[in-house]
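Asker: Compute the structure for the input listed below.
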Amino acid sequence: MSTSSPSIAFASSWPRQRAPALEVLAGILVLAAIPYLWPQAFPWAIKYPAALVVPLADWVRDGLMWLVRLELYTGEDGVPVTMRDMTRAVAGIMKWPLGLSDGLLATGFELGGLTVPPLSWVGITCAVAAWGWALGGRGLALLGLVACLYIAAFGQWQNAMITVSQIVIVVPLGTALGLALGIAAWRSARVRAFVVPTLDLMQTIPTFAYLVPILFLIGVGPVAGGIATLIYAMPPMVRVTMLALDHLPPELQEAARMVGATPRQVLWRVLIPAAGPSLMVGVNQVIMLSLNMVIIAALVGGGGLGFVVISALRQANGLGPGLEAGLAVVAIAIVLDRYSQAAARLTPAHDPAVRRQRRQLLWLGVAALVLFTLLALAVPELGRLPRDWRVTTGPFWEVVIDFVTRTMFDTTEAIRVFLILNILRPTKEFLIGFPWPAFLALGALAGWRVGGWRLALGIVGLLGFIPLTGLWVKGMTTIYLCGISALFAVLLGLPLGLLAASSERWHRALGAVCDTLQTLPSFVYLLPVVMLFRVGDVSAMIAVVAYAIVPAIRYTDYGLRRVPQDLVEASLMAGSTRRQTLWKVKLPLALPEIMLGINQVIMMALSMLVITSLVGTDDLGKQVQMAITKVEPGMGLVAGFAIAFLGIASDRLLAAWAARRKRELGLT
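Answerer: Residues are numbered from 1 along each chain as shown. You can find the predicted model right below:
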């Protein structure tokens, strides 16, 4: 009885609590309809007045121009050193390790007229297989071997190694900096109060927006891409470090202090090793985000596989090379993900034979690298696979495209036209024409309803940024694409989550599918969709749905599995059918977790929309992309902040609703 009493009490007071909100909502909708009926009388409500637009993009651009010209000090030669000189010096420091890794893996070196080749592809393949065996056994070794052979056989080795050469530098730096900042935030409440909202903002700003100021301060090239990747990939490590240290038992610190350990010894010899498995999860996230951002950094001269994929999206006949490069990205992502997960699960071996085998495999990999690289000096085929040994799927994809064009064009075109005429265009026109005061009022009402007047003011401030900066049309286009894509992702993801929660077999199968989808870089989703539906909003929507559906599946499955079994059994014993138990007991109790999943769907949809701007959308993501092309930091940052504020507003509303719902159900 005690478990259900909060829900019963809440249900009994529901009409009384909802009445004021319904009255306010009705009033807002009436006011929103007036500009539609008399548009000449209220033109300012439909189109935000240009006189009230704040030229924030110009201010940001002028501020950055002032910053890069700011004279920090005067050198010994009397020449002033500016901020741009300082940023270029930092870039020069970053250039050395990036150049070293690029030389080792991809391009080789020139030392005093002597050409030193890069590491042999055969040696790297053998080393990856040996290290995979040491981390996870025969199956993991086979995965690494097949991935390397695919990359080499399809002629993607050079580009893949350029990509990997940036990852092997960025990941250790991002891990170290994230760990240090996480420790500082864990130790100091003041640092945490600054770090947490900063991380929230960094993780909602779209990936492209990171490139704009870095491109302005540093210039085009792999270093700019490496620094952008480092900044983008570091936040998960900070969060994981704080959470891992927060959840350690306090008895560990007390026991270490009782035996005379110093604070530094307590941290590095007790707490960090105890939090090791959780910290490895953060390392895994740094690896995956680094790979995703390295691909995007090709837009500013990062090169590698990202350049091939982006070029394929811009060419009519680039599907074959694009898919081959995309699958190479997928192969690298899966290998890095599985290897880092295996390292996180690896426990110290107490059997001397197991320890000896691990050491032998690690040294075997090193020996293979050295041996085959030396042999490549005499046998060039060991250093770089000859072109006539490589295979390509270009002719195959030409046949596929021709087949799809001849047999499926009418079907795909009918689907595309139906979606445009009946769903996409009406929704877009409705939102763009929706009065902006009513839009802000609806946001305020939602914030007040779930979190009080402070949240209402915060939502108005976040959403008001869009019309205030003159981005109303592009902002509403973003909301329309994000909203429709998130809706389809939820409508597809919720039933799949229900299916996963109802059966262990489906739970494992869908879990494997979700794991695979989460390892795919965002660009990869665009290639097959563009082939079927051409460029435009339909292709963008389908790619976003495929990219963002995973949280809907996972959180639904997770929420339903967390429902207390005794409540389920009590419902069945009371005579409820399984369907009634699902709809009346399980789903209401799992709804907070499901809503958090929907929140993640929206966040992922917003991030993906920036990528889909490459296939013809005209939203805030397109604004960011244009800023990169024109090197307009003000335009790019303002559009990036607008996307981030949309994400933060959604996150705050859904998180506040989920927290309140848990309190009402007595779950917290």
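
Asker: what's the spacing between the helix or strand hosting residue 166 and its chain's center?
Answerer: Taking DSSP states H and E as the definition, residue 166 sits inside helix 157-187. The offset between the C-alpha centroid of helix 157-187 and the centroid of the whole chain comes to 16 Å, using CA atoms, centre = their mean, to the nearest Å.

Asker: so what does it touch, helix or strand wise?
Answerer: helix 83-102, helix 189-204, helix 222-233, helix 235-246, helix 276-296, helix 305-313, helix 319-345 (3 or more CB pairs under 8 Å, 6 or more residues apart in numbering; DSSP states H and E). Glycine gets a C-beta too; all of them are placed from N, C-alpha and C.

Asker: which one of the ones you listed lies closest to residue 563?
Answerer: Nearest to residue 563 among those is helix 235-246 (24.5 Å), distances taken as CB to CB.

Asker: And the contacts of the helix or strand just after that closest one?
Answerer: Heading C-terminal from helix 235-246, the first helix or strand you meet, by DSSP H and E, is helix 250-258. For helix 250-258, the external contacting residues (CB atoms under 8 Å, 6 or more residues apart in numbering) are 265, 266, 269, 270, 271, 274.

Asker: Helix or strand next in line after the helix or strand encompassing residue 496, which one?
Answerer: According to DSSP H and E, residue 496 maps onto helix 472-502. Toward the C-terminus, helix 472-502 is succeeded by helix 504-519 as the next helix or strand (DSSP H and E).

Asker: quick one: residue 576 from residue 570, how far?
Answerer: 9 Å (CB to CB, to the nearest Å).

Asker: typo on my end, residue 411
Answerer: From residue 411 to residue 570 the distance is 49 Å (CB to CB).

Asker: ditto for residue 379
Answerer: 73 Å.

Asker: neighbour-wise, which of these two wins?
Answerer: Using other CB atoms under 10 Å, the more surrounded residue of residue 379 and residue 570 is residue 570, with 15 against 11.

Asker: and that one, what pLDDT?
Answerer: Looking at residue 570, its pLDDT reads 85.

Asker: Now do the phi/psi pair for it.
Answerer: phi -60, psi -40 (degrees, to the nearest 10).

Asker: Give me the below-cutoff pLDDT ranges for the stretch 551-668 of the chain.
Answerer: Within the stretch 551-668 of the chain, the segments meeting pLDDT under 70 span 666-668.

Asker: what are the ranges of the helices in it?
Answerer: Shown for the stretch 551-668 of the chain, the helices assigned by DSSP state H, counting those that start in this stretch span residues 565-573, 578-581, 587-612, 620-630, 633-664.

Asker: tell me what the shortest one is packed against?
Answerer: In this case it means helix 578-581. helix 565-573.

Asker: just the CA coordinates of the helix it packs on, formatted as CSV?
Answerer: Coordinates of each C-alpha in helix 565-573 appear next as CSV, following Å, rounded to 0.1, in the frame of the first residue of the first chain:
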residue,chain,number,x,y,z
GLN,A,565,9.3,-7.5,-9.5
ASP,A,566,7.1,-7.7,-6.4
LEU,A,567,4.8,-5.0,-7.9
VAL,A,568,4.5,-6.9,-11.1
GLU,A,569,3.7,-10.1,-9.2
ALA,A,570,1.1,-8.2,-7.1
SER,A,571,-0.6,-6.9,-10.2
LEU,A,572,-0.8,-10.4,-11.8
MET,A,573,-2.1,-11.9,-8.5
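
Asker: which helices and strands sit right next to that helix?
Answerer: helix 578-581.

Asker: Now the helix it packs on: buried residues?
Answerer: residue 581 (16 or more other CB atoms under 10 Å).

Asker: cool, and stretch 305-325?
Answerer: Buried residues in stretch 305-325 (16+ other CB under 10 Å): 305-310, 312-313, 318-325.

Asker: Give me the distance between the two termini of it.
Answerer: 6 Å (CA to CA, to the nearest Å).

Asker: For it, give the mean pLDDT please.
Answerer: 73.

Asker: The stretch 351-500 of the chain: helices as residue ranges?
Answerer: Going by DSSP H, counting those that start in this stretch, the stretch 351-500 of the chain shows helices at 352-375, 380-383, 394-407, 409-419, 425-432, 436-451, 453-468, 472-502.

Asker: what's the fifth one in contact with?
Answerer: The contact list for helix 425-432, computed with CB under 8 Å, 6+ apart, reads 472, 473, 476, 477, 479, 480, 483, 484, 537.

Asker: List the residues that contact the third one.
Answerer: Read that as residue 476. 428, 431, 432, 434.

Asker: separation between the last one and residue 340?
Answerer: Shown here: residue 434 relative to residue 340, a distance of 45 Å by CB to CB.

Asker: for residue 377, same thing?
Answerer: 33 Å.

Asker: Looking at these two, which is more packed in?
Answerer: residue 340 (20 against 13).

Asker: Touching, that one and residue 282? I think so.
Answerer: No: contact criterion CB atoms under 8 Å: residue 340 and residue 282 do not qualify, at 10.1 Å.

Asker: Could you report the pLDDT at the nearest residue to residue 324 once chain neighbours are set aside?
Answerer: Nearest non-adjacent residue to residue 324, counting by CB to CB, 6 or more residues apart in numbering: residue 154, 4.9 Å away. pLDDT recorded at residue 154 is 86.

Asker: for residue 131, same thing?
Answerer: 93.

Asker: who's in contact with it?
Answerer: So residue 131 contacts 144, 339, 361, 362, 365 (CB under 8 Å, 6+ apart).

Asker: residues in contact with the nearest residue to residue 130 once chain neighbours are set aside?
Answerer: In space, and not counting its chain neighbours, residue 130 is closest to residue 365: 3.8 Å by CB to CB, 6+ apart. Contacts of residue 365 were listed using CB under 8 Å, 6+ apart, and they are 126, 127, 128, 129, 130, 131, 134.

Asker: and what of residue 554?
Answerer: Contacts of residue 554 (CB under 8 Å, 6+ apart): 497, 514, 597.

Asker: doesn't residue 550 make contact with the last one?
Answerer: No: contact status for residue 597 versus residue 550: not in contact, 9.1 Å apart, counting by CB under 8 Å.

Asker: which residues are common contacts for those two?
Answerer: residue 493.

Asker: So those two - more neighbours on which side?
Answerer: Ranked by neighbour count (other CB under 10 Å), residue 597 and residue 550 place residue 597 first, with 28 against 23.

Asker: Just give the closest residue to residue 617, not the sequence neighbours.
Answerer: Nearest to residue 617 is residue 540, by CB to CB, 6+ apart, at 4.8 Å.

Asker: Hmm, residue 342 is touching residue 141, no?
Answerer: No: with contacts counted by CB under 8 Å, residue 342 stays clear of residue 141, the gap being 10.5 Å.

Asker: which residues are in contact with both of those two?
Answerer: Contacts common to residue 342 and residue 141, judged by CB under 8 Å, 6+ apart, are residue 132.

Asker: What is the burial count for the residue nearest to residue 638 when sequence neighbours are not counted?
Answerer: Take residue 638 and drop its neighbours on the chain: the residue closest to it by CB to CB, 6+ apart is residue 57, 4.6 Å away. Neighbourhood size, residue 57 [other CB under 10 Å]: 21.

Asker: again with residue 642
Answerer: Neighbours around residue 642, by other CB under 10 Å: 26.

Asker: For residue 444, see how far away it is.
Answerer: 18 Å.

Asker: What of residue 360?
Answerer: 66 Å.

Asker: So the two - more neighbours on which side?
Answerer: Each of residue 360 and residue 444 has its neighbours counted (other CB under 10 Å); residue 444 has more, 22 against 13.

Asker: Quick one: residues contacting that one.
Answerer: 456, 457, 459, 460.

Asker: try 10 Å
Answerer: 24, 28, 453, 455, 456, 457, 458, 459, 460, 461, 463, 464 (CB atoms under 10 Å, 6 or more residues apart in numbering).

Asker: I am assuming residue 593 contacts residue 501, so please confirm or correct that.
Answerer: No: applying CB atoms under 10 Å, one finds residue 593 not in contact with residue 501, separated by 11.0 Å.

Asker: Nothing else from me, thank you.
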